[in-house]
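> Give the three-dimensional model of this entry:
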Amino acid sequence: MANTTRNDQSTHIAESDAFKAIVDRIADAAPAINEQRQIPDDIINAMVDQDLLRLLVPKSLGGGEVDFLDYLAVTQAIAHADGSTAWCFNQNNVLGTNASLMPEALAKEIWIDGRAIVCNGPPQNVVITPVSDGYTVTGRWNFSSGSRHANWVSAAGRLENGDTLLMMIPTAQVEFIDVWHVSGLRGTGSFSFEASNLHVPAERAFVEAQTARDPGPLYKIPRSLLFASGFASVGLGVARAGLDTAIDLSLAKTPQEQIKLKDQAVTQGQIGHAEAHWASANAYLQATAGTLWANITAGLPLTTHDRIHLRLASTHAIREAVVVVDLAYTIGGASSIFESHPIQRRFQDAHAITQQIQGRLEHYETAGQFILGLEPQGRMF
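As a prediction, this is how the structure comes out:
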């Protein structure tokens, strides 16, 4: 691998030999993950054994409750190996923060099991009917990332009074629908799931608390921003891997012109531009996340300024990741068009990330409104 600028954020997790071994296994399995549209059980089991899927679960439930900046660095490292695995990693970990927002008895039922894996998805045509001992629910939920290795679903639906009810349901009680025939993030296995007149006991349904039960600074960060910054780290990891591959290719490939790519001025310029795009986006995300985290850990209130700028930095990182992989794709020439080539996979994954809600261009408008002294209209900051 080329000796290029890397994220210099060090963590005890990312520096451990056990973590590096898992990342290597993920990288080796990446083509199969993409082809089979799921993460192999042996890799999931290895991640579970190292508690990597409960890093944001409160310590009161045996979770990691790790440092926010450490978490983003670990997410990026996994994404460098495989985007789909990192996407599922972030999705499940952020859902783990729900443990501090639901009734404690339910949180214990789910997360006291070290192998608990939760998936969810936006609701569609969900009808919830209260009954004497709980609820009856019928509906469909889409984009359920990690559905093929989850054992719980978090299913949301609206009650008549306007409250959003979250229902924790064992995966065996819902029907998964394979709709995930896509070109990017294929390995996430983001199936839909359905329920029909399913009874959900009252103790497994709740309206999310407004204040986290656990006092740690991690639970003062809105879940929307944990998703945003985590998926931005996925985008940056994918883009870094694509650029590293393009650098390696440039050092080795001699196209039909009989001049190595590394000796061509066009390639040199493209590498320089890609490096600048990646490094600046990464630095912006690190800086805004670092400021927000420092303020929270110092006991300061979370400000709109910090929230807006972390949202902006996250969206920008996702969009800049595409600029980087597009340059890598161009550098690779005809090699990049083959499904089996690593640049092709990173190209598809990065573009898929921009189509998710965290990469929407409207987040720039929300930031612009705030910077101009207007009331920001976005709902996800």
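> Report the buried residues of the top helix by length along the chain.
Ordering each helix of the chain by length in residues (DSSP state H) puts helix 265-297 first. By neighbour count on 16 or more other CB atoms under 10 Å, the buried set for helix 265-297 is 267, 270-271, 274-275, 277-279, 281-282, 284-286, 288-289, 291-293, 295-296. Placement of C-beta: from N, CA and C, glycine included.
> Kindly report the same for stretch 158-176.
Here stretch 158-176 shows 165-169, 171, 174, 176 as buried, counting by 16+ other CB under 10 Å.
> measure it end to end?
Across its full length, stretch 158-176 reaches 21 Å between end residues, using CA to CA, to the nearest Å.
> what does stretch 119-135 give?
End-to-end for stretch 119-135, by CA to CA: 20 Å.
> returning to what we had before: mind checking how far whichever helix or strand comes after the longest helix of the chain is from the chain centre?
Helices and strands here follow DSSP states H and E; after helix 265-297, the next one along the chain is helix 304-332. The chain centroid and the centroid of helix 304-332 are separated by 14 Å under CA atoms, centre = their mean, to the nearest Å.
> Check which helices and strands the following helix or strand past helix 304-332 sits against.
Counting by DSSP H and E, the next helix or strand C-terminal to helix 304-332 is helix 342-354. The contact analysis (3 or more CB pairs under 8 Å, 6 or more residues apart in numbering; DSSP states H and E) places helix 342-354 against helix 17-36, helix 83-95, helix 223-252, helix 304-332.
> Quick check: most distant residue from the centroid of the protein.
What lies farthest from the middle of the chain is Gln258; by CA atoms, centre = their mean that is 41.5 Å.
> That one belongs to a helix?
No. Counting by DSSP: H, G, I helix; E, B strand; the rest coil, Gln258 falls outside a helix, being coil.
> What pLDDT does the model give it?
Listed pLDDT for Gln258 reads 74.
> Ok, Arg379 next?
69.
> Okay, helices next: where are they in the stretch 101-250 of the chain?
104-111, 223-252 (DSSP state H, counting those that start in this stretch).
> What average pLDDT does the shortest one get?
The one in question is helix 104-111. Across helix 104-111, the average pLDDT comes to 96.
> sorry, back to before: measure the residue farthest from the centre of the chain to Ala298 for me?
As judged by CB to CB, to the nearest Å, Gln258 and Ala298 stand 60 Å apart.
> Equivalent analysis for Ala289, please.
15 Å.
> Likewise for Trp152?
Taking CB to CB, one finds Trp152 at 35 Å from Ala298.
> Comparing these two, which shows the higher neighbour count?
Trp152 (21 against 8; other CB atoms under 10 Å).
> Is the more buried one in contact with Thr171, as I believe?
Yes. Counting by CB atoms under 8 Å, Thr171 is a contact partner of Trp152 at 6.4 Å.
> shared neighbours, those two?
Cys119 (CB atoms under 8 Å, 6 or more residues apart in numbering).
> picking up where we left off before, may I see the helices and strands packed on helix 342-354 organised as CSV, with mean pLDDT added?
Shown next, in CSV, are the helices and strands packed on helix 342-354 (pLDDT from 0 to 100):
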stretch, mean pLDDT
helix 17-36, 95
helix 83-95, 97
helix 223-252, 96
helix 304-332, 97
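> Need these in TSV (columns: distance to Leu53).
Below are the helices and strands packed on helix 342-354 laid out as TSV (distance: least, CB to CB, whole Å):
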stretch	distance to Leu53
helix 17-36	12
helix 83-95	5
helix 223-252	13
helix 304-332	22
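> Mean neighbour count, those: which tops it?
Highest mean neighbour count of those: helix 83-95, a mean of 28 (counted as mean count of other CB atoms under 10 Å).
> tell me the angle it makes with helix 342-354.
For helix 83-95 against helix 342-354, the angle by axes from the mean of the first three to the mean of the last three CA atoms, to 10 degrees is 30 degrees.
> what's the spacing between stretch 21-32 and its chain's center?
Centroid separation for stretch 21-32 versus its chain: 18 Å, with CA atoms, centre = their mean.
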